[in-house]
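J.: The sequence isn't on hand, but the structure is:
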């Protein structure tokens, strides 16, 4: 995994990046067939042995009293040999493995938020997470993210230092999850074949960052899964150490946690699809040209169609965007984050969002069709969000008269008008759980609670625009001319939806960017938005700013299970 010092939050950022086939080809590397072929470092050119340790070797190591440095080194060598065997290519050099206390890890990850730029970013990022109904009006996204990462990271790979760091609890002896070690070593191998500090492995938006990690973490988790498959039947493996999680660990924000976990859950199945298509060559190609949206990974469709959204800033009354944050002031949340928005409101606020009941809405995420052996798998696909084609979320600020006012304009684009209607319906259901007053002007005003304020929702064809301000007048200041009358879905459109759906999944070829031009605009004369003209100008990492750590989430997922109410 790659460790990045995140500027978006006060915690360290951990980006786990995968290598493709950009390094030396290894498809024809010789494979060690027996332990006798692995005797010295000179045999490291053989796939399946490292520094004299064979991948199928049985080690005289137990962890009851912890591991010594020598035992950790031997275990690392065997794990490297196993990663080689599973990934079918050799390491190029040793991978140092070091340890750090959790106290030191958390201290290193705590930043200084005194600079003006950081304060500006945090205010911008708070609006992103408030728009996603994950962080409330009185809470800090940075603090919530810090809590998730500070207590759940068990190790990471640092491309900058070419080393693995294992996080050990205070006064604990060193016990290693061999599965986690294999995961980290796969990232080290990726780094040796590619420069994981390359910009192509860091998405410019939250959705793009998660998408990159879909292939990055997808490969590493896939390798973990294959390692687990061979344990017992083919390999002697160390027993997994017991979780050191304690009952008094800080409460996680599960909306943030489940967003971060999306690449770990959908990624390995995405990789499995690529492997079935064209083996490791297909995976390597995806590593070289990573996915750009979580929709690609969720639906396992590298050709998933999206649309650019050109935005016309028409705000009045002193409202301003954050030109130096995100992509020219905007964030892209993406399908995964939008799904979690609806799920989290069911889980935490008892809203029946995704399904007719709260219980069914929660289980829509927790009961996936596919399972993993090494960790919990989750579902992120639902008709309410499956027709996503793009979005741009613009946080706004208004500091006139010495009073801070915050708001946002969130423009979402969908594959069909029916997809847009499905999203709007689910959003309105979610909002209704917070007891809004539906005013004569169409604004929905929430008087109290974590998501208080005024909301305007406009649906026009394949577009749904959401505007939020502290009070009703602010909604129309942010978006003059907003039409808050809900359009009817015609019988023709409804019949088209039935014809286009196949096996419960939307046909993403039905209304694509190619059918409508390469982009859509919220005004007729808005200028197109292109990648070259819309590069991020901020020093911060957009959105999460923490995508993604290699995490040992036994304690966290256990807590999730305990809080899974009927």
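T.: In hand now; what should we look at? Given the structure is predicted, the values throughout are model-derived calculations rather than measurements.

J.: Could you check how far residue 92 is from residue 44?
T.: Going from residue 92 to residue 44 by CB to CB, to the nearest Å gives 9 Å. Heads up, the C-betas are built off the backbone N, CA and C, glycines and all.

J.: And residue 350, by the same measure?
T.: 57 Å.

J.: Which one's more surrounded, the two?
T.: Comparing residue 350 with residue 44 by other CB atoms under 10 Å, the one with more neighbours is residue 44, at 22 against 14.

J.: so that one sits right up against residue 53, yeah?
T.: No - the criterion here is CB atoms under 8 Å, and residue 44 misses it with residue 53 at 10.2 Å.

J.: what about the closest residue to residue 144 other than its chain neighbours, neighbour count?
T.: The shortest distance from residue 144 to any residue other than its chain neighbours is 4.3 Å, reached at residue 253 (CB to CB, 6 or more residues apart in numbering). Neighbourhood size, residue 253 [other CB under 10 Å]: 22.

J.: Same question for residue 214.
T.: 32.

J.: so it sits in a helix?
T.: Yes - assessed with DSSP: H, G, I helix; E, B strand; the rest coil, residue 214 lies in a helix.

J.: Mind checking what secondary structure the closest residue to it other than its chain neighbours has?
T.: Nearest residue to residue 214, sequence neighbours excluded (CB to CB, 6+ apart): residue 297, at 3.4 Å. State at residue 297, reduced to three classes by three-state DSSP: helix.

J.: and if you look at residue 408?
T.: Assignment for residue 408 (three-state DSSP): strand.

J.: Look up how far residue 385 lies from the residue most central in space within the chain.
T.: Among the residues of the chain, the one closest to the centroid is residue 210, at 3.5 Å (CA atoms, centre = their mean). According to CB to CB, residue 210 and residue 385 sit 14 Å apart.

J.: ok, now residue 426?
T.: Relative to residue 385, and taking CB to CB, residue 426 is found at 8 Å.

J.: Quickly list what's touching both of those two.
T.: When contacts are counted by CB atoms under 8 Å, 6 or more residues apart in numbering, residue 426 and residue 385 are jointly contacted by residue 342.

J.: Provide a complete list of residue ranges assigned to strands in the stretch 251-400 of the chain.
T.: 308-310, 320-321, 388-398 (DSSP state E, counting those that start in this stretch).

J.: now do the stretch 401-550 of the chain
T.: 405-414, 437-438, 444-446, 453-460, 463-469, 519-521.

J.: How much space separates the closest residue to residue 443 other than its chain neighbours from residue 456?
T.: Sequence neighbours aside, residue 472 is the residue nearest to residue 443 in space, at 4.4 Å (criterion: CB to CB, 6+ apart). Noted for residue 472: a distance of 8 Å to residue 456, by CB to CB.

J.: Quick check: neighbours shared by the two?
T.: In contact with both residue 472 and residue 456: residue 443, using CB under 8 Å, 6+ apart.

J.: on that earlier part again, redo the strands of the stretch 401-550 of the chain as CSV? Include distance to residue 88.
T.: Shown next, in CSV, are the strands of the stretch 401-550 of the chain (distance: least, CB to CB, whole Å):
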stretch, distance to residue 88
strand 405-414, 40
strand 437-438, 60
strand 444-446, 55
strand 453-460, 50
strand 463-469, 46
strand 519-521, 41
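
J.: and those strands as JSON lines, adding mean pLDDT, mean neighbour count and distance to residue 331?
T.: Formatted as JSON lines, the strands of the stretch 401-550 of the chain follow (pLDDT from 0 to 100; neighbours: other CB atoms under 10 Å; distance: least, CB to CB, whole Å):
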{"stretch": "strand 405-414", "mean pLDDT": "98", "mean neighbour count": "24", "distance to residue 331": "9"}
{"stretch": "strand 437-438", "mean pLDDT": "98", "mean neighbour count": "12", "distance to residue 331": "28"}
{"stretch": "strand 444-446", "mean pLDDT": "98", "mean neighbour count": "19", "distance to residue 331": "22"}
{"stretch": "strand 453-460", "mean pLDDT": "98", "mean neighbour count": "22", "distance to residue 331": "18"}
{"stretch": "strand 463-469", "mean pLDDT": "98", "mean neighbour count": "23", "distance to residue 331": "13"}
{"stretch": "strand 519-521", "mean pLDDT": "46", "mean neighbour count": "19", "distance to residue 331": "18"}
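
J.: of the ones you listed, which approaches residue 258 most closely?
T.: Ranking the strands of the stretch 401-550 of the chain by proximity to residue 258 (CB to CB) places strand 405-414 first, at 20.1 Å.

J.: Sheet partners, orientation included, of that closest one?
T.: When pairing is defined by DSSP bridges, strand 405-414 lines up against strand 388-398 (antiparallel), strand 463-469 (antiparallel).

J.: From the chain's centre, how far out is the first one? Work that out for me.
T.: So that's strand 388-398. In this view, strand 388-398 has its centroid 18 Å away from the chain centroid, taken as CA atoms, centre = their mean, to the nearest Å.

J.: what's the answer for stretch 255-264, then?
T.: The answer for stretch 255-264 is 5 Å, by CA atoms, centre = their mean.

J.: first vs last residue of that stretch, how far apart are they?
T.: Stretch 255-264 has an end-to-end distance of 15 Å (CA to CA, to the nearest Å).

J.: Quick check: the closest residue in space to residue 344 that isn't next to it in sequence vs residue 132, distance?
T.: Closest residue in space to residue 344, ignoring its immediate chain neighbours: residue 255 at 3.6 Å, by CB to CB, 6+ apart. Going from residue 255 to residue 132 by CB to CB gives 7 Å.

J.: between those two, what contacts are shared?
T.: 340, 341.

J.: Could I get the buried residue list for stretch 60-78?
T.: Residues of stretch 60-78 classed as buried by neighbour count (16 or more other CB atoms under 10 Å): 61, 63, 67, 71, 72, 74, 75, 76, 77, 78.

J.: Tell me which two of these sit farthest apart.
T.: 63 and 77 (16.8 Å).

J.: By pLDDT, give me the weakest of the buried residues of stretch 60-78.
T.: Ranked by pLDDT, these bottom out at residue 63 (89).

J.: helix, strand or coil for the nearest residue to it once chain neighbours are set aside?
T.: The shortest distance from residue 63 to any non-neighbouring residue, by CB to CB, 6+ apart, is to residue 175 (4.7 Å). Three-state assignment for residue 175 (three-state DSSP): coil.

J.: Double-check residue 175 against residue 241; I have them as touching.
T.: Yes - the criterion here is CB under 8 Å, and residue 175 meets it with residue 241 at 3.8 Å.

J.: anything in contact with each of the two?
T.: What both residue 175 and residue 241 touch, as defined by CB under 8 Å, 6+ apart, is the set residue 63.
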